[in-house]
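# structure for this input, please:
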Amino acid sequence: MDYTLSCYHSSLSVHTTGAELYSYIDTHGQERIWQGNPTIWPGHAPVLFPIVGAPINNHIYVEGLAYPIHKHGFMMQREFFLVEQGENFLHFASSSDEETLRSYPFAFSLHILHYLHPNGFSTEFRIQNKDTRPMPYCIGGHPGFCCPMEPNASFEDYLLRFEKPENGEIAVCPDGELIQGYEILPILENRCELPLQYDYFDKKDALIFTSLASRQVDLIHKKSNKGIRFCFNDFDILGVWTKPGAHANYLCLEPWIGLNASKGESSNFEEKPFVRTVLPGKQEYVRFSVFLLE
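Numbering: from 1, shown residues only. Got it, this is the predicted structure:
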């Protein structure tokens, strides 16, 4: 099923499959979310849980036992139900069952809330541990934004402007699977701006920033400075991606807790870099937000 929320002269729409936001139409009637293309990338803004990125050999290990799981986890295929609809939010939830326990041996509930704001939207994840053990988890967003956003503009007319100078370090993951080390993007070293080029993604797949000083980044036109501001205060990592070789009109800004597996890392899921743990009976909240720059 689909649900649409309208207020502040704007709207957002969500599929119950994955509680995935698939449309945000701003106050000018402009669609800001990539509408998907099955020949390029069919997604819009999927949710990544309970892992982010690819595991080694499509398995994770918990307490010495192997569990089969694929890249980015399974929640994007799961059905959610609507818990509550308010004037400016939609609240969805889904819980573990026999199927999820075969891949991730913890009882949990995942709540996803999408909020409309006067000049943007935000998505909140609530991770609830319903198990009797501490529960390690990773979670991430994967929203794809239309780029270019202005008539007669191109993808490479845009740039990313970070709020602070950055060291330019990225994780090297050229096949989109295992991380093979780290390198510096010279164009971003000790700078705030990264001009967009398809060439980055053709060669590197995703740009995975694991040591950013910033917790917000603007995706804007170089001349007009119009675009969006992406805020990810609650997250450790930012992935930036568009499908290599496709040269499509979108860019994903992905806030992550967790990371692709690296060659040689511990096989234990709870020891993965950036993994977090929620105690039995407790829940944790994380949120990212998008604001229009006009």
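# wasn't His234 part of a helix?
Just so we're on the same page, residue 234 is Asp rather than His. No - read with DSSP: H, G, I helix; E, B strand; the rest coil, Asp234 is coil and lies in no helix.
# quick one, phi/psi of it?
Backbone torsions of Asp234, given as degrees, to the nearest 10, read phi -90, psi 0.
# so what's it closest to, chain neighbours aside?
Excluding the flanking residues, the one nearest Asp234 by C-beta to C-beta, 6 or more residues apart in numbering is Val286, at 3.8 Å. In this view, the C-beta of every residue, glycine as well, is placed from N, C-alpha and C.
# spit out the contact partners of the one you found.
Residues near Val286 by C-beta atoms under 8 Å, 6 or more residues apart in numbering: Glu124, Phe125, Ile127, Ile139, Asp234, Phe235, Ile257.
# would you turn the residues you listed into JSON lines with distance to Glu87 and pLDDT?
Formatted as JSON lines, the contacts of Val286 follow (distance: C-beta to C-beta, whole Å; pLDDT from 0 to 100):
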{"residue": "Glu124", "distance to Glu87": "16", "pLDDT": "98"}
{"residue": "Phe125", "distance to Glu87": "21", "pLDDT": "98"}
{"residue": "Ile127", "distance to Glu87": "25", "pLDDT": "98"}
{"residue": "Ile139", "distance to Glu87": "27", "pLDDT": "98"}
{"residue": "Asp234", "distance to Glu87": "24", "pLDDT": "98"}
{"residue": "Phe235", "distance to Glu87": "27", "pLDDT": "98"}
{"residue": "Ile257", "distance to Glu87": "29", "pLDDT": "98"}
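# ok, those vs Gly245, which is closest?
The closest of the contacts of Val286 to Gly245 turns out to be Phe235 (C-beta to C-beta; 27.7 Å).
# secondary structure element holding the residue nearest to that closest one when sequence neighbours are not counted?
Spatially, and ignoring its direct neighbours in sequence, Phe235 is nearest to Pro255 (3.8 Å; C-beta to C-beta, 6+ apart). Assigned by DSSP states H and E, Pro255 belongs to strand 250-257.
# what strands line up against that strand, and which way round?
Under the criterion DSSP bridges, strand 250-257 sits next to strand 139-141 (antiparallel), strand 144-146 (antiparallel), strand 237-241 (antiparallel) in its sheet.
# about what we covered before: which of the contacts of Val286 has the largest number of neighbours?
Counting neighbours by other C-beta atoms under 10 Å, Phe125 leads those with 27 neighbours.
# can you give me the helices in the stretch 101-250 of the chain?
198-204 (DSSP state H, counting those that start in this stretch).
# isn't Gly36 up against His44?
Yes - Gly36 lies in contact with His44 (C-beta atoms under 8 Å); the separation is 5.7 Å.
# when these two are compared, which one has more neighbours?
His44 (22 against 13).
# what's near enough to touch the nearest residue to that one once chain neighbours are set aside?
Nearest non-adjacent residue to His44, counting by C-beta to C-beta, 6+ apart: Tyr22, 4.0 Å away. Neighbouring residues of Tyr22 by C-beta under 8 Å, 6+ apart: Asp2, Ser13, Val14, His15, Ile33, Gln35, Gly36, His44, Ala45.
# can you count the residues close to the third one?
A count of neighbours around Val14, defined by other C-beta under 10 Å, yields 25.
# now swap in the fourth one and tell me
The number of residues packed around His15, counting by other C-beta under 10 Å, is 20.
# just the pLDDT for it.
Listed pLDDT for His15 reads 98.
# who does it form a beta bridge with?
Asp2.
# report the separation between it and Cys173.
His15 sits 28 Å away from Cys173, going by C-beta to C-beta, to the nearest Å.
# just the pLDDT for the closest residue to Ser154 other than its chain neighbours.
Computed as C-beta to C-beta, 6+ apart, the closest residue to Ser154 that is not its neighbour in sequence is Pro148, at 5.8 Å. Looking at Pro148, its pLDDT is 98.
# give me the buried positions along the strand holding Pro255.
For strand 250-257, burial by neighbour count (16 or more other C-beta atoms under 10 Å) applies to Tyr250, Leu251, Cys252, Leu253, Glu254, Pro255, Trp256, Ile257.
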